[in-house]
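Participant: The following comprises the amino acid sequence and a computationally predicted model.
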Amino acid sequence: MPLNLPNLLTWLRILFIPLMAGVFYLPDGWVTPPQANLLAALFFGVAALTDWLDGYLARALGQTSAFGAFLDPVADKLMVAAALIVLIDLDRVAPLIGLIIIGREITISALREWMAKAGKSASVAVSFVGKLKTAGQMVAIVLLLYFAPLAGLPTARIGTLLIWLAAVLTLISMAYYLMMAARALQKT
């Protein structure tokens with residue numbers, strides 16, 4: 001396991017997961033609900049920024065590695081799944097949304113592994129729709145964790161709209177990846 005800045009940022013993202021989730025389950029009196037919302041949104045927001053930063057730094061510094069390529073998407077999926085489970089528990093996200101997003105992540109991860117074993121990993125490379133889904137999902141989760149109006153903006157309503165949009169994009173991107181994989185496998 002190469003120890004470099006991009007991989008350290010990925011590990012940091014993983015360490016933020018229990019902090020983001022844990023603030024909602026602290027003993028009474030340790031933090032107020034608005035403080036828990038703010039802390040969780042900050043932990044998740046910083047973790048989401050490290051997702052972008054670690055990939056950028058790995059490429060810019062020439063520090064890409066097989067371990068980093070493995071750990072980065074695992075960290076992303078753990079972070080999003082944990083946040084969605086917490087948001088479902090807090091009744092801020094519909095369980096159907098969690099099932100769609102988490103189910104897609106598991107399906108596409110398995111598909112990528114299978115395609116890599118078949119020597120066809122390029123056929124399930126990240127698409128623009130997948131990137132758009134991820135961006136909308138990350139913003140939505142931050143807003144839903146914060147959940148209070150911010151500068152007059154109804155963050156809960158905006159976050160809810162964005163998470164539904166992300167769920168639709170999730171289904172579209174999953175269909176795209178499955179179609180690309182099927183085409184690649186038909187050519188063999």
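Facilitator: Great, that's in hand. Numbers count the residues shown, from 1 in each chain.
Participant: switch to C-alpha atoms for all contacts and neighbour counts from now on
Facilitator: OK.
Participant: Using the neighbour-count criterion, name the buried positions in stretch 158-167.
Facilitator: 159-160, 162-167 (16 or more other Cα atoms under 10 Å).
Participant: Restricted to helices, list those residues.
Facilitator: 159-160, 162-167 (DSSP state H).
Participant: Ramachandran coordinates for residue 153?
Facilitator: In terms of degrees, to the nearest 10, the main-chain angles of residue 153 are phi -90, psi 130.
Participant: and residue 60, how many neighbours?
Facilitator: Using other Cα atoms under 10 Å, residue 60 has 10 neighbouring residues.
Participant: What of the one 5 residues further on?
Facilitator: If you count neighbours by other Cα under 10 Å, residue 65 ends up with 16.
Participant: residues in contact with it?
Facilitator: Residue 65 makes contacts with residue 2, as judged by Cα atoms under 8 Å, 6 or more residues apart in numbering.
Participant: What's the per-residue pLDDT of it here?
Facilitator: For residue 65, the pLDDT comes out at 84.
Participant: try the one 4 residues further on
Facilitator: Residue 69 is assigned a predicted lDDT (pLDDT) of 82.
Participant: Residue 79 too?
Facilitator: 95.
Participant: repeat for the one 5 residues further on
Facilitator: On the pLDDT scale, residue 84 is placed at 98.
Participant: Name the helix or strand for it, please.
Facilitator: Residue 84 belongs to helix 66-89 when elements are defined using DSSP states H and E.
Participant: close enough to count as contact, residue 20 and residue 44?
Facilitator: Yes - if you go by Cα atoms under 8 Å, residue 20 and residue 44 touch, sitting 6.2 Å apart.
Participant: how about the residue positioned nearest the centre of the chain, what does it touch?
Facilitator: Centroid check for the chain by Cα atoms, centre = their mean gives residue 80 as the closest residue, at 3.9 Å. Residue 80 is in contact with residue 138, counting by Cα under 8 Å, 6+ apart.
Participant: Would you map the helices across this structure?
Facilitator: 5-22, 33-60, 66-89, 95-117, 128-146, 155-186.
Participant: got the angle for the second one vs helix 66-89?
Facilitator: Meaning helix 33-60. Helix 33-60 runs at 160 degrees relative to helix 66-89, counting by axes from the mean of the first three to the mean of the last three Cα atoms, to 10 degrees.
Participant: Identify each buried residue in helix 33-60, please.
Facilitator: With burial defined by 16+ other Cα under 10 Å, the residues of helix 33-60 counted as buried are 36-45, 47-48, 50-51, 54-55, 57-58.
Participant: go on, the third one?
Facilitator: By neighbour count on 16+ other Cα under 10 Å, the buried set for helix 66-89 is 68, 72, 75-88.
Participant: which one of these sits closest to residue 155?
Facilitator: Minimum distance to residue 155 across the buried residues of helix 66-89 is 14.0 Å, recorded for residue 87 (Cα to Cα).
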